[in-house]
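K.L.:
here is a sequence together with a model predicted from it:
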Amino acid sequence: MTAPETGAEDLPEQTSAEPVRDEARPPVARVEGRPVSDLPQDLYIPPDALAVFLEAFEGPLDLLLYLIRRQNMNILDIDVSEITRQYMEYISAAEAMRFELAAEYLVMAATLAEIKSRMLLPRQEVEEDEEDDPRAELIRRLQQYERFKKAAEDVDTLPRMERDTFPNSAALPDLPRGDAHPPVDLREVLLALQGVLQRADLFTSHHVEKERLSTRERMSSILAMLPADRFMPFEALFTREEGRLGVVVTFLAMLELVKEELIEIVQAETLGAIHVRARTSN
Amino acid sequence: MNEENLKRVQNIVEAALLAAGRPLNIDQLRDLFEEHERPARQVMEHVLMLLEESCIDRGFELKKVASGYRFQVRQEFAPWVGRLFDEKPQRYSRALLETLALIAYRQPITRGEIEDIRGVTVSSNIIRTLQEREWVRVVGHKDVPGRPAMYATTRQFLDYFNLTSLDELPPLAEIRDLEEIGREIEQEIQAEIQFDTPESGKGEQPGSDEPPTNPDESPAQKPPGDSSQSNTTLH
Amino acid sequence: MNEENLKRVQNIVEAALLAAGRPLNIDQLRDLFEEHERPARQVMEHVLMLLEESCIDRGFELKKVASGYRFQVRQEFAPWVGRLFDEKPQRYSRALLETLALIAYRQPITRGEIEDIRGVTVSSNIIRTLQEREWVRVVGHKDVPGRPAMYATTRQFLDYFNLTSLDELPPLAEIRDLEEIGREIEQEIQAEIQFDTPESGKGEQPGSDEPPTNPDESPAQKPPGDSSQSNTTLH
């Protein structure tokens, strides 16, 4: 913002604006300097109504705006003494009936009183400098508040969900099951095992340690191969390709399975065929 | 893409938007297709236009909001549809709306700054309600004593109020000072004959009152008038 | 009722069915209208027929179900719509990983035996998940009261972890020495979680019984001192 003086130099016509502005003022706003002849008639408010009345305002700025609008005043040219007088009426009425006012109302009362007294001081005739206008700050605040008050009203009128429109949806058809398997890192599995082992203190159990996992693996596969209801020839559990080691591992696995009573081995006659089946209780 | 294919894409998009029940953006819609059949962005935009046209004269419309496209009830039918729901649409207090408006138009803004303009304290309830509704979030802390939180609006706020960006908010009234009003009155008088409003205000207060374009990409715009380097700290 | 009115009723019904998110029957639909404008049942039936026809060749259809009418996404678009709900898979729980490890190292093993070692019950969900993933299968039933199933790992398990045989799993004794791996993997998991957060966690994923792995519980945090001792006592 340019300083007011330079602004006037930049716009020469502006210097002649002052008298023009005076004349252009709407008559309703020309209360300044004149004796106030017509008192507002609606100042008396019953106590209950006053409480409701004050609660309807969002604070002192809102109340002031109301008073200004009711007087058909222009914000930019408020009659401070009149507005102060009306404002004080409400405040003292509220205090008289011990209606608890927010502190902001009292601060505003003080501000108004101060502006009013400064307005009464003899003014130097440097009209163009509105920094000297004691009302400037108040006017700025009123305007600022008013624009956001208006903005809030505008926001309230925007078409909004649940009032002006509703989101649409339709029922789902049968959806294909997504293949949503989480990835697993083997190290995660091992870490998990470590945790269990610590808890179970299985390290002391050499039983676990001694076994080669290939034996365990073979135990599983033998069990999976064996039908529960009938015997299977012993030889069917081996494959030639695995060679000697395969036989040994299979044999160890079978011994382990027998020991754990998971399978039974039957040989009908000496040197006869060996048959194996999974153990069942029946 | 031939017409038949276009129609199929249109139906898939329609099906997806109705299945989702929430806004989907163009990327999300394109991702529904396997790579070899995925429509180009322009095709998708065209399809959305066709879809919009196909709902003219129906009970619902395709609406673009901040997070994408969604189907919603046409406003003219809201009174009937509203009867489906027991609860009356919530009315928001002036205090809440004013706080929301200040955050929307002046973000990022602290509670203290809101209170300065409104001239009253802002209750914690209001801030909490706005945050619970996910209309408002903390985008940083101002680097002043007490490090107060700075608030900004969210994408959900825009979605809720049927906006695609903050640009679509109703314009904020211009603020005028005493000097300006003097000039204006003079102009009014001179312009009795030819009425012509210059673009006043806009150039004189650069950006200060214009809402940032995209709240998500610029969550911590500096407060208006702040020219120092880092008044603002982000999360 | 003239054509214009009919069209209006049709649009209101359409809007209501799309907004309701549940089936509405004819009475409920008629209740949306004030008494003086309420369409007769036959009119409503006619309107519903018109509505059904208006959705031919679209992505959705009007369906009559037990509790009324509803709009439903057409089955033919399920493959595309389904991708909307393809969530990023959540991580497996510690409980699941422990169970898997015990089956791998102690197979064939019953659930009861797993529980004995872990000291807590193993949920059926875990076993089911492992079976669905085809990492674990039942290889028999133990000949004890209740004949519990015995579990073993599968070829798919070996394939997934790039093993040719279980022998390639590190011996148990080495597992105590995993602190290094533990720390390493934890960092990876953390990094992944950080990547995931912006989109995930919306709570759109029902039915995931397993809480996500909590990296804080990871055994890698145990004091390093006590590993050196027991390590030597084994073998």
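P.N.:
That came in fine, so what should we check first?
K.L.:
may I see the buried residues of stretch A:239-252?
P.N.:
The neighbour-count check on stretch A:239-252 (16 or more other CB atoms under 10 Å in any protein chain shown) flags A:G246, A:V249, A:T250, A:L252 as buried. For the C-beta atoms, the positions are set from N, CA and C on the backbone; glycine is no exception.
K.L.:
could you single out the nearest of these to chain C?
P.N.:
Nearest to chain C among the buried residues of stretch A:239-252 is A:V249, at 10.0 Å by CB to the nearest CB.
K.L.:
surely the closest one touches A:R218?
P.N.:
Yes - using CB atoms under 8 Å, A:V249 is in contact with A:R218, at 5.1 Å.
K.L.:
how much space separates the most centrally placed residue in chain A from B:K88?
P.N.:
With distances taken as CA atoms, centre = their mean, the residue of chain A nearest its centroid is A:M161 (17.4 Å). Distance, A:M161 to B:K88, using CB to CB, to the nearest Å: 14 Å.
K.L.:
next one, pLDDT for residue 23 please.
P.N.:
Went with chain A since none was named. Looking at A:E23, its pLDDT reads 38.
K.L.:
the chain in question should be chain B.
P.N.:
For B:P23, the predicted pLDDT is 96.
K.L.:
which stretches of the chain have low pLDDT?
P.N.:
Using chain A here. Along chain A, segments meeting pLDDT under 70 span A:1-47, A:123-132, A:177-180, A:200-213, A:228, A:240, A:270-271, A:280-282.
K.L.:
think we crossed wires, I meant chain B
P.N.:
B:175-186, B:188-235.
K.L.:
can you show me the strands along it?
P.N.:
For chain B, applying DSSP state E gives strands covering B:60-65, B:68-73, B:109-110, B:136-142, B:149-153, B:232-234.
K.L.:
could you dump these into CSV and include distance to A:A94?
P.N.:
Formatted as CSV, the strands of chain B follow (distance: least, CB to CB, whole Å):
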stretch, distance to A:A94
strand B:60-65, 45
strand B:68-73, 46
strand B:109-110, 30
strand B:136-142, 33
strand B:149-153, 32
strand B:232-234, 41
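K.L.:
would you reformat those as TSV and include mean neighbour count and distance to chain A?
P.N.:
As requested, the strands of chain B are exported to TSV (neighbours: other CB atoms under 10 Å in any protein chain shown; distance: least, CB to the nearest CB, whole Å):
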stretch	mean neighbour count	distance to chain A
strand B:60-65	20	5
strand B:68-73	24	4
strand B:109-110	22	11
strand B:136-142	20	13
strand B:149-153	24	10
strand B:232-234	14	22
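K.L.:
looking at those strands, which is nearest to A:E114?
P.N.:
Among the strands of chain B, strand B:109-110 comes nearest to A:E114, with 27.3 Å by CB to CB.
K.L.:
tell me what angle the longest helix seen in chain B forms with strand C:60-65.
P.N.:
Taking DSSP state H as the criterion, chain B has its longest helix at helix B:3-20. If you take axes from the mean of the first three to the mean of the last three CA atoms, to 10 degrees, helix B:3-20 sits at 50 degrees to strand C:60-65.
K.L.:
what about the strands in chain A?
P.N.:
Along chain A, counting by DSSP E, strands occupy A:232-233, A:263-267, A:274-278.
K.L.:
what are the ranges of the helices in chain B?
P.N.:
Under DSSP H, chain B gives helices at B:3-20, B:26-30, B:41-54, B:78-81, B:94-106, B:111-118, B:124-132, B:155-160, B:178-190.
K.L.:
just the ones you listed: most buried one?
P.N.:
Stretch with highest mean neighbour count among the helices of chain B: helix B:94-106 (a mean of 23; mean count of other CB atoms under 10 Å in any protein chain shown).
K.L.:
how about the residues of chain B that lie near chain C?
P.N.:
Chain B comes close to chain C at residues B:7, B:10-16, B:18-21, B:24, B:31-33, B:54, B:57-60, B:71, B:73-74, B:77, B:80-81, B:83-84, as judged by CB under 8 Å from any CB of the partner chain.
K.L.:
isn't B:V65 up against B:T164?
P.N.:
Yes - if you go by CB under 8 Å, B:V65 and B:T164 touch, sitting 5.9 Å apart.
K.L.:
what touches both of the two?
P.N.:
Counting by CB atoms under 8 Å, 6 or more residues apart in numbering or on different chains, the common neighbours of B:V65 and B:T164 are B:L158.
K.L.:
quick check: domain ranges of chain B?
P.N.:
Chain B breaks down into these domains under the TED database: B:3-73, B:94-172.
K.L.:
Throw the ones you listed into CSV and include distance to C:W135, thanks.
P.N.:
Converted to CSV, the domains of chain B look like this (distance: least, CB to CB, whole Å):
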stretch, distance to C:W135
domain B:3-73, 28
domain B:94-172, 40
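K.L.:
in TSV, list the helices of chain B along with distance to C:R41.
P.N.:
Compiled in TSV, the helices of chain B are given as follows (distance: least, CB to CB, whole Å):
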stretch	distance to C:R41
helix B:3-20	27
helix B:26-30	39
helix B:41-54	30
helix B:78-81	17
helix B:94-106	43
helix B:111-118	54
helix B:124-132	43
helix B:155-160	37
helix B:178-190	64
